[in-house]
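Participant: below: sequence and its predicted model.
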Amino acid sequence: DQQVKQNSPSLSVQEGRISILNCDYTNSMFDYFLWYKKYPAEGPTFLISISSIKDKNEDGRFTVFLNKSAKHLSLHIVPSQPGDSAVYFCAASADSGYALNFGKGTSLLVTP
Amino acid sequence: DSGVTQTPKHLITATGQRVTLRCSPRSGDLSVYWYQQSLDQGLQFLIQYYNGEERAKGNILERFSAQQFPDLHSELNLSSLELGDSALYFCASSVGGSATYEQYFGPGTRLTVT
């Protein structure tokens, strides 16, 4: 049972434009959300996180938005750069617990 | 480089066999997590150890087991292997035991069962 869903397997964006990656979740107990980025042949690396007490968190070019009522979060990358091309995983945990529930990932391609 | 090391990088074995995957966490990290990434699947949490003790269990099969040793390295044992066990296995470590602590992932071990 996939509790974290990334319905777009891939996304292509031009360099300099905004990339928006979406994530939906089903478990209302989730209270901590993260985005990880993964390059081929490497492990995922942490990108940005957000607690359920916030609706926005920003770190440089990366902003995560959380809409609790819709059980939806999104990652905005502005401006997108070719080096951002990677697979992005959304993850969530319940009650700031121990395990992370990951989505299947969205492959982002930023073209020059 | 995350500071988390995993060995071996690749492993090819036959059905019915048993393998051991090894993980060394970042210096100072007490928590180790194991994840499985199969084709078309996201990262599936298997198990977590914190300072030598099992902390949380996910979708780990009974044929799989893990442990964390006093030096904090961890091993994931997979037995009676089936074709469906072919996957990338990631280890991650964090300084604390809850999910709010950033997890640092190793490069993974690619297991192929033939």
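Facilitator: Sure thing, it's come through. Numbering: from 1, shown residues only, chains lettered A, B, ... in the order given.

Participant: the strands in chain A, which residues?
Facilitator: For chain A, the strands defined by DSSP state E occupy A:4-5, A:10-14, A:19-25, A:30-38, A:45-51, A:56-59, A:62-67, A:72-77, A:86-94, A:101-102, A:106-111.

Participant: residue numbers of chain A in contact with chain B?
Facilitator: A:2, A:4, A:6, A:32, A:36, A:41-46, A:49, A:89, A:91, A:93, A:96-105 (C-beta under 8 Å from any C-beta of the partner chain). (Glycine included, C-beta is placed from N, CA and C.)

Participant: run the last query once more with 7 Å
Facilitator: A:32, A:41-46, A:89, A:93, A:96-100, A:102-105 (C-beta under 7 Å from any C-beta of the partner chain).

Participant: tell me the residue of chain B that sits nearest chain A?
Facilitator: B:F105 (3.0 Å; C-beta to the nearest C-beta).

Participant: residues in chain B within reach of chain A, list them.
Facilitator: Checking chain B against chain A by C-beta under 7 Å from any C-beta, the hits are B:2, B:41-43, B:45, B:48, B:55-56, B:58, B:90, B:97-100, B:102-103, B:105-108.

Participant: please check these and keep the buried ones.
Facilitator: B:2, B:42-43, B:45, B:48, B:55-56, B:58, B:90, B:97-100, B:103, B:105-108 (16 or more other C-beta atoms under 10 Å in any protein chain shown).

Participant: list the buried residues in stretch A:13-26.
Facilitator: By neighbour count with 16+ other C-beta under 10 Å, stretch A:13-26 contains the buried residues A:V13, A:S19, A:I20, A:L21, A:N22, A:C23, A:D24, A:Y25.

Participant: quick one: mean pLDDT for it?
Facilitator: The predicted model assigns stretch A:13-26 a mean pLDDT of 98.

Participant: quick one on the thing from earlier: so which of the strands of chain A is nearest B:L72?
Facilitator: With C-beta to C-beta, the closest approach to B:L72 among those belongs to strand A:45-51: 20.2 Å.

Participant: okay, now the unreliable bits of the chain?
Facilitator: You didn't pick a chain, so chain A it is. Within chain A, the stretches with pLDDT under 70 are A:95-97.

Participant: please go with chain B instead
Facilitator: In chain B, no residues with pLDDT under 70.

Participant: hmm, try it at 80
Facilitator: Along chain B, segments meeting pLDDT under 80 span B:39-42, B:99-100.

Participant: Provide the backbone phi and psi angles at the closest residue to B:Y89 other than its chain neighbours.
Facilitator: Nearest residue to B:Y89, sequence neighbours excluded (C-beta to C-beta, 6 or more residues apart in numbering or on different chains): B:T109, at 4.9 Å. Phi and psi for B:T109, reported as degrees, to the nearest 10, are phi -120, psi 120.

Participant: residues touching the most centrally placed residue in chain B, list them.
Facilitator: Nearest to the geometric centre of chain B sits B:W34, at 3.1 Å (C-alpha atoms, centre = their mean). Going by C-beta atoms under 7 Å, 6 or more residues apart in numbering or on different chains, B:W34 touches B:L46, B:I47, B:A66, B:L76, B:Y89, B:C91.

Participant: relative to A:Q2, how far out is B:P107?
Facilitator: 25 Å (C-beta to C-beta, to the nearest Å).
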